[in-house]
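Visitor: The following block contains a protein sequence and its predicted model.
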Amino acid sequence: MDRQVKLHFLGSGTIMPDPRRSCSATILEIPKVKILVDIGAGTLRRMAIEGIDLHSIDYIFITHFHPDHTGDLAPFLFALRNSRPARTGRLLQVWGPAGFFQFVRGLEQAFGKWLQFSAEVKYHELPRRLLDFPGFRVIWSKVHHTPESVAYRFEIENKAVVFSGDTGYCPEIIRLCKAADLAVLECSHPDELAVKGHLSPSLAGKIAGDAGVKRLLLNHFYPEVLKTNPVEVVQKYFNGEAALANDGDTIAIPLEAVQKKP
Ligand SMILES: [Zn+2]
Ligand SMILES: [Zn+2]
């Protein structure tokens, strides 16, 4: 099978209930590794609908602590705990920004000690800016939303995919997106209703244009922005490929073929 980086959008929406758009959650699949970026309320059910086994997830990376990005973390772990057969021998690493350990302790106080139920789940707070994992590298940057908010750049061989999480327009996200093969940027509100700490189509377009990304996918839509044509606005600032991400969409970026030894 062709080697590729695959994105599978489980949730392209916000906390505002929408039958077609669940809260933030995207699977980034690279050879042999499945990463879940954010795990908003509703992610578990979206995984069931898309036929994705809980046990297949190797990493969860959380951008910030708002419930539309973390709401199904405790349910996910509770489901793992109660699943038969149990998860054995396969580590799940859950990474979050500064304050994540305290966040997990808060969940334990609310739900019980089972959150530390096994050796198969390990929580991490992001340390240095560049983290190397088997098969991929993560570079993260603080962005302008909540005090802990970060955006992630995943580098897989010579491909780069950036997830903004929630952010306002800021130099940090432009730097992180530099020449990325794909940027997934939030697009919460139309330009005329833009608020601090979130992007509008113009701001997302400017970031994509300034950073010279190859492809832009917008997500995290409040209802008003969906009544407009965000891509048309984006194209004033960005002449690459731009589109709205939808729940269930899959996007593949081919990786270079491995040279077979003669
Ligand atoms: Zn948020
Ligand atoms: Zn959000």
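Guide: Looks like it arrived, so ask away. Numbers count the residues shown, from 1 in each chain. Ligands and ions are numbered 1, 2, ... in the order given.
Visitor: Please list all residues in contact with residue 169.
Guide: Residues near residue 169 by C-beta atoms under 8 Å, 6 or more residues apart in numbering: 144, 199, 203, 206, 207. For every residue, glycine as well, the C-beta is placed using N, CA and C.
Visitor: out of these, which are inside helices?
Guide: Residues of the contacts of residue 169 located in helices (DSSP state H): 203, 206, 207.
Visitor: give the contact list for the second one.
Guide: Spelled out, that is residue 206. 169, 237, 238 are the contacts of residue 206 under C-beta under 8 Å, 6+ apart.
Visitor: returning to that earlier point: which of the ones in helices among the contacts of residue 169 are close to ligand 1?
Guide: Among the ones in helices among the contacts of residue 169, no residue sits close to ligand 1 (C-beta under 5 Å from the ion).
Visitor: of these, closest to residue 59?
Guide: For the ones in helices among the contacts of residue 169, the closest approach to residue 59 (C-beta to C-beta) belongs to residue 207, at 25.2 Å.
Visitor: So which residues of the chain form strands?
Guide: 4-11, 25-30, 33-37, 59-61, 92-96, 121-125, 130-133, 136-142, 150-156, 159-163, 182-186, 215-219, 241-244, 250-254 (DSSP state E).
Visitor: So residue 76 sits against residue 45, correct?
Guide: No: at 11.0 Å, residue 76 and residue 45 do not qualify as touching, with contact defined as C-beta atoms under 8 Å.
Visitor: For whatever residue of the stretch 101-250 of the chain ends up closest to ligand 2, grab the count of nearby residues.
Guide: When scored by C-beta to the ion, the stretch 101-250 of the chain has residue 166 as its residue closest to ligand 2, at 4.3 Å. Neighbours of residue 166 under the rule other C-beta atoms under 10 Å: 24.
Visitor: Check residue 195 too.
Guide: 11.
Visitor: Excluding sequence neighbours, find me the nearest residue to it.
Guide: With C-beta to C-beta, 6 or more residues apart in numbering as the criterion, residue 195 has its nearest non-adjacent residue at 6.0 Å, and that residue is residue 189.
Visitor: if we can go back for a sec, between the strands of the chain, which one is nearest to ligand 1?
Guide: Comparing the strands of the chain against ligand 1 with C-beta to the ion, the closest turns out to be strand 182-186 (8.6 Å).
Visitor: Appreciated, that's everything.
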